[in-house]
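# Just need the structure, nothing else, for what follows:
(2 chains)
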There are 2 protein chains.
Amino acid sequence: MSFAPHSSDSKCIATIRVLAADVVAKSNSGHPGAPMGMAPAAHILFSRHLVANPKDSKWFNRDRFVLSNGHACVLQYSMLHLLGYKLSMDDLKAFRQLDSLTPGHPEAGHTDGKFLSRIEVTTGPLGQGFANGVGLAIAQAHLGAVYNKPSFELINNYTYVFCGDGCLMEGVASEAASLAGHLQLGNLIVVYDDNHISIDGDTAVAFTEDVAGRFVSYGWQVLHVDDGDSDLAAISNAIAEARLEKNKPTIIRLKTTIGFGSKEQGTHGVHGSPLKADDIVALKTKFGFSPEQKFHVPQETYDAYAEAAKRGAAAQASWDALFASYGQKYPAEHAELSRRISGKLPEGWEKSLPVYKTTDAAQASRKLSEIVLTALSPVIPDLMGGSADLTGSNLTKVKGSTDFQPPSTKLGTYAGTYIRYGTFHHAMGAIANGLSAYGGIVPFVATFLNFVSYAAGAVRLSALSKAQVIWVATHDSIGLGEDGPTHQPIETNAHFRATPNLAFWRPADGNETSAAYAVALKSTQTPSILSLSRQNLPNLEGSTIERASRGGYVVHEEAGEDLTIVSCGSEVGIAVEAAKKLKEQGIKTRVVSLPCWLVFDQQDLEYRLSVLRSGAPILSLEALSTLGWEKYSHEQYGLPSWGASGPYLKVYEKFGITGSNIAVVGKKVVDFYKQKGGEVVSPLVKAFSL
Amino acid sequence: MSFAPHSSDSKCIATIRVLAADVVAKSNSGHPGAPMGMAPAAHILFSRHLVANPKDSKWFNRDRFVLSNGHACVLQYSMLHLLGYKLSMDDLKAFRQLDSLTPGHPEAGHTDGKFLSRIEVTTGPLGQGFANGVGLAIAQAHLGAVYNKPSFELINNYTYVFCGDGCLMEGVASEAASLAGHLQLGNLIVVYDDNHISIDGDTAVAFTEDVAGRFVSYGWQVLHVDDGDSDLAAISNAIAEARLEKNKPTIIRLKTTIGFGSKEQGTHGVHGSPLKADDIVALKTKFGFSPEQKFHVPQETYDAYAEAAKRGAAAQASWDALFASYGQKYPAEHAELSRRISGKLPEGWEKSLPVYKTTDAAQASRKLSEIVLTALSPVIPDLMGGSADLTGSNLTKVKGSTDFQPPSTKLGTYAGTYIRYGTFHHAMGAIANGLSAYGGIVPFVATFLNFVSYAAGAVRLSALSKAQVIWVATHDSIGLGEDGPTHQPIETNAHFRATPNLAFWRPADGNETSAAYAVALKSTQTPSILSLSRQNLPNLEGSTIERASRGGYVVHEEAGEDLTIVSCGSEVGIAVEAAKKLKEQGIKTRVVSLPCWLVFDQQDLEYRLSVLRSGAPILSLEALSTLGWEKYSHEQYGLPSWGASGPYLKVYEKFGITGSNIAVVGKKVVDFYKQKGGEVVSPLVKAFSL
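Okay, here's the model as predicted:
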């Protein structure tokens, strides 16, 4: 654990600090303070401890680094550049410019190669990175437990997280910290930049809790570095000590001076604005840099990091050899792990999807989801799921599955695939993003649909980061009945349907539930929310996995229709009932099921126009807010307000969502359009849809 | 602090337990476990400590009681009934039935008198009640500091919160707890039902942190009651001790047995389902009740609570006298406090609203918001606001205002009106709900619009509870520029526009910003989100406070138009620019500004149809998701995906949101509809709008 100083250390650290000032000054936007303050920690971590290969940034057993205080991303970009990742000085100069590789906050998941692949997770929204780190650490613990063998420590990387006060105040981080402590994640090391400054000034104005004491209460090891500005030995020793603790996550409370070296160091003046020109001159002079030179990296600094990069390349070479010999001894595990690393699901898994006939009993779609999970879990070991303390309601635990737990609890093992998320809703979403980012795992998480909103901050980052996370969101409407309006989603579907790259599925029956899972599992770049009912749903005549997989289709066809009802989820059956009643009155009614708008919108226009065709009015039906249904219909029926507490059939009746009332509504629509006259054109016919 | 047992204590507690079993059995839905376990604590609190008058449930200085674990509401309903609030045994029998006074979770804010006015806040969604409690406690501390005088301790109530493990796991509660510790809220007393059971079973599966240690770290007093099932003296003494601690909030860790008395006590079997019939028989027998009698309350029990009610009535009588004599000595303060209690704003405050001419300089609407707050704060002392550590960006702190801080910090006083919320986003929203629920305060809170989503769980409860909370949500689009897509809202507006009873305002200029505040302040039953720009906006020709107050109006009129562009916020100016360019091409273009959909929808149809009239196509323009704009337009232009990091004008250009490009788009729309032929009917013309 003894620290060996290098002659280049102070130059390297000064380089990072000066570079931060130059980069932010050029963009005239950004945050120099934290990068300058955390430069010593970053230097020590990357030059002495972190094991990663800049030449193969996707090496599976690399240490993961997360900059939870993402506004400090100049630090991360600078380190990637200095270590020799594909990030040029020109890229640094294009900081925060349109379409550059160096956006205002670190963005992951741009797998088209446009963005840096070694931004592990998208950060900036406070607290997310911290919780992502817990997910990355869970993933390592799990895959290590499953695939490591005696003498084959294949998966044993660490996850390092940098964060500041802002992250530690956010509830998402508190939740994740509590769970990480419970899970005894010894592979997780957090460096907390305790600089006493946030945007409003001194943290004394709002954040005076004993952070160290809090983390001890969570079951963490807490280490202290009192001079994070210059005591490199203390920084290095703390990280080394953290690595030795195998049964607890570690947080290192690193006291630093924000904007170290600036005239305004230690104040919030250096937090979020460029340093003034004269300040930069003084800074460079102080650190032995020429004030005239901008974006200057001394060769000594490049050389020092080249050494670190070499160490990473050597580590990967050893690992490659180890993995090859693992393949000799454990060919099946080798094949499976290789497949998982590649991100491909096992051949033929779709064959296990349950298929239903109309004669099969009506079931709740949460139950249908359980049947899918039960069928798929044996064939897709990548599935790793859990619920926010609603296992018996979400029906997410497959019989016989093992809990992911520290072995000492005797409640499970790290090889277990079922995660008990407590009621840590927001952290659950962010942890799932970490699990997905690690690779080899397809995470699913569960709660009531209404409470997915608690994790809205994480859900939007799944979608932005292209993280394949599956939400099993049960009790998805007023159909949950007695729990009442506090638990009944109204605005939720509009919220998630408006989120780019988020597949919001609301299946109507068994085949549609299978279809939702099928598409969600194939969509490796898209998170999905499966909105599932508490109440039983009949199996529909026209539904098949294939048809539902297009996101929308005609579930009940009728030539020369007077009306089309478009619906989804538990209301499709009601629409079919209404159609029957209307037929008795001589009104021909088609029914369209639209379980996933995102996927439907991806179909060719000809198909979409065949589903939502011109010629007769289209009425939408969903037991939530109608907002957005105008896109697919001429008239909308839904909930004008909050739901109500009561037995679910009575609640449906109160709001007129019954076969009989929808028939009445449908007739009014037909009459209105007859009276109005003229051609009824599909709402899909638009200047920009053609 | 010595506890005096009453002969009726055990009967009272048994009554609560038996009643919980009967009520849940009859509704065949609900949660008997926590009410049975917490019956002793509820009995001791309500019979010995809580000061409130069941005959005047709105008495201002009453102690506030919050059941944060709202699923245990049978307990709350039973106590209200037993104490003599307007809640009959028939109401209890109608538990969880449609339109009853006893919905599945406690609902506040039904001021039409339908629901119980002494449900202080709506609970059930975990953690919210805890954070509401912090808001209630802040309100007391603040109003006490402002209005109490020597010998006139007018406002000195306590806030009591019951909660369980589920609440304490949620980040919203962690955030609120940290802030409550910082604020030294000695008037807040939380009773934590430490029953070791949550829905997934033993809390050992996920929640093994040292809760007591955590709260000590937050700066709380932590007390322990090891036998919450029967040690009444310990319960009472702990509450008494908590009341004595004036500089710290207190949490009492109360060990209880969930479902105490049931055969399945101590297991999650009693958490969320009715007890079996034979179990209820055994329970009643054990507690000396007749197994045949249902919903039986012994007279002894009613008598005991009548004593407590009498104590409350006497307390109010003394207070009324005190307040009257306060009026003699401090007539101005008396008048002001009376007004604030009544919920009315001071006469003529609207006159202070800033008014703008088109010649006034373009300004960011966040800046315009600051100008409004600066103008109104002196005339409306009820305004109490703060920001989630973004004061300098949100521009919410009026010059010269004092921080709400414990005097010992020397950073402010409890009389201060500006709250430093740290980055406690979710708690900030929930605390504001508590501030609003207390009365006499109009809370505003602030962050970037994108991060209001962190508080989505609290925002929906503002709307459901009819809590007047104003969100100052700045940096409201890709117009924030460099911070990039992690900070740029896309789905956010659809989310909040789909939320019932939530006024989402996106003003386009100075007069519209004043209008947004004007309506938000007049809407005492509706929360508002003011979506404000980072970038400067020109003052529009057609805008006035009066017109904008209708939620939508014609900002640029043009007879016999070829096109109407409907827009809001920072894009209205761009629409006006496009209209000018189109005019040069001979295309007559009207522009409609629609700052608030909720308010516009409340206008009569004739007005709405005059704004969005038939005759020409309507194109919507907003730099976010287009979802929902189909309601007001034929064609939509917006962001098809995530935003981008870069200087804001370049980001706007990238996505084609410029006067020139919208002119091109507008022309395509006009051409398309000409080619299509036929009458163009307003999207407002519907079977159900007429």
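# Single out the residue in chain A that lies closest to chain B.
For chain A and chain B, the shortest gap (C-beta to the nearest C-beta) falls at A:Gly171, measuring 1.8 Å. Every C-beta, even on glycine, is put in place using the N, C-alpha and C of the backbone.
# Relative to B:Asn450, how far out is that residue?
17 Å (C-beta to C-beta, to the nearest Å).
# If you count surrounding residues, which of those two has more?
Between A:Gly171 and B:Asn450, counting by other C-beta atoms under 10 Å in any protein chain shown, A:Gly171 is the more crowded of the two (32 against 26).
# Surely that one touches B:Glu175?
Yes: when contacts are counted by C-beta atoms under 8 Å, A:Gly171 is listed as touching B:Glu175 (4.7 Å).
# what touches both of these two?
B:424-427 (C-beta atoms under 8 Å, 6 or more residues apart in numbering or on different chains).
# so where's chain A uncertain?
Where chain A drops to pLDDT under 70, the residues are A:1, A:109-117, A:689-690.
# could you redo the last one with a cut-off of 50?
Within chain A, the segments meeting pLDDT under 50 span A:111-115, A:690.
# The longest helix seen in it: how far from the chain's middle?
If you go by DSSP state H, chain A has its longest helix at helix A:299-329. Computed by C-alpha atoms, centre = their mean, to the nearest Å, the chain-centroid distance of helix A:299-329 equals 30 Å.
# list the helices and strands that helix packs on?
helix A:9-27, helix A:73-83, helix A:331-342 (3 or more C-beta pairs under 8 Å, 6 or more residues apart in numbering or on different chains; DSSP states H and E).
# now the strands for the stretch 151-300 of chain A?
Taking DSSP state E, counting those that start in this stretch, the strands of the stretch 151-300 of chain A run over residues A:159-163, A:188-194, A:197-198, A:201-202, A:221-225, A:250-255.
# hey, where'd the strands end up in the stretch 551-690 of chain A?
For the stretch 551-690 of chain A, the strands defined by DSSP E, counting those that start in this stretch cover A:553-556, A:563-567, A:589-593, A:618-621, A:635-637.
# so which of those comes closest to A:Asp476?
strand A:563-567 (13.6 Å; C-beta to C-beta).
# What strands line up against that closest one, and which way round?
Paired with strand A:563-567 in the same sheet, following DSSP bridges, are strand A:589-593 (parallel), strand A:618-621 (parallel).
# which residues touch A:Glu433?
You called it Glu, but residue A:433 is Asn. Counted by C-beta under 8 Å, 6+ apart, A:Asn433 has contacts A:121, A:128, A:131-132, A:135, A:458, A:461-462, A:465, A:467, A:469.
# A:Asp226 too?
Residues in contact with A:Asp226 (C-beta under 8 Å, 6+ apart) are A:234, A:255.
# One more: the one 5 residues further on?
Residues counted as contacts of A:Asp231 (C-beta under 8 Å, 6+ apart) are A:Val225.
# and chain A, what are its domains?
A:9-315, A:349-537, A:550-676 (automatic domain parsing).
# Comparing those, which comes out most buried?
For those, the largest average neighbour count (mean count of other C-beta atoms under 10 Å in any protein chain shown) is found in domain A:349-537, namely a mean of 24.
# Check the separation of the first and last residues in that one.
One end of domain A:349-537 to the other measures 26 Å (C-alpha to C-alpha, to the nearest Å).
# That one: how far from the chain's middle?
Counting by C-alpha atoms, centre = their mean, domain A:349-537 comes out at 13 Å from the chain centroid.
# Can you read off the backbone torsions of A:Ala520?
The phi and psi values for A:Ala520, taken as degrees, to the nearest 10, are phi -60, psi -40.
# shouldn't it be in contact with A:Trp505?
Yes: applying C-beta under 8 Å, one finds A:Ala520 in contact with A:Trp505, separated by 7.0 Å.
# Name the residues contacting each of these two.
Common neighbours of A:Ala520 and A:Trp505 are listed as A:528, A:530 (criterion: C-beta under 8 Å, 6+ apart).
# how about the helices and strands packed on helix A:299-329 in a markdown table, adding distance to A:Tyr192?
Shown next, in a markdown table, are the helices and strands packed on helix A:299-329 (distance: least, C-beta to C-beta, whole Å):
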| stretch | distance to A:Tyr192 |
| --- | --- |
| helix A:9-27 | 19 |
| helix A:73-83 | 15 |
| helix A:331-342 | 32 |
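# Out of those, flag the one nearest B:Gly412.
Nearest to B:Gly412, of the helices and strands packed on helix A:299-329 and by C-beta to C-beta, is helix A:9-27 at 32.2 Å.
# The helix or strand just after that closest one close to chain B?
In the C-terminal direction, the helix or strand that comes right after helix A:9-27 (DSSP states H and E) is helix A:33-44. No: with C-beta under 8 Å from any C-beta of the partner chain as the criterion, chain B is not reached by helix A:33-44; the gap is at least 13.9 Å.
# Against B:Ile341, how distant is the closest residue to A:Gly164 other than its chain neighbours?
Among residues not flanking A:Gly164 along the chain, A:Asn69 sits closest, at 4.1 Å (C-beta to C-beta, 6 or more residues apart in numbering or on different chains). Remark: distance between A:Asn69 and B:Ile341 (C-beta to C-beta) = 44 Å.
# repeat for A:Thr524
58 Å.
# Kindly report the same for A:Tyr632.
49 Å.
# How about A:Lys581?
For A:Lys581, the distance to B:Ile341 equals 54 Å [C-beta to C-beta].
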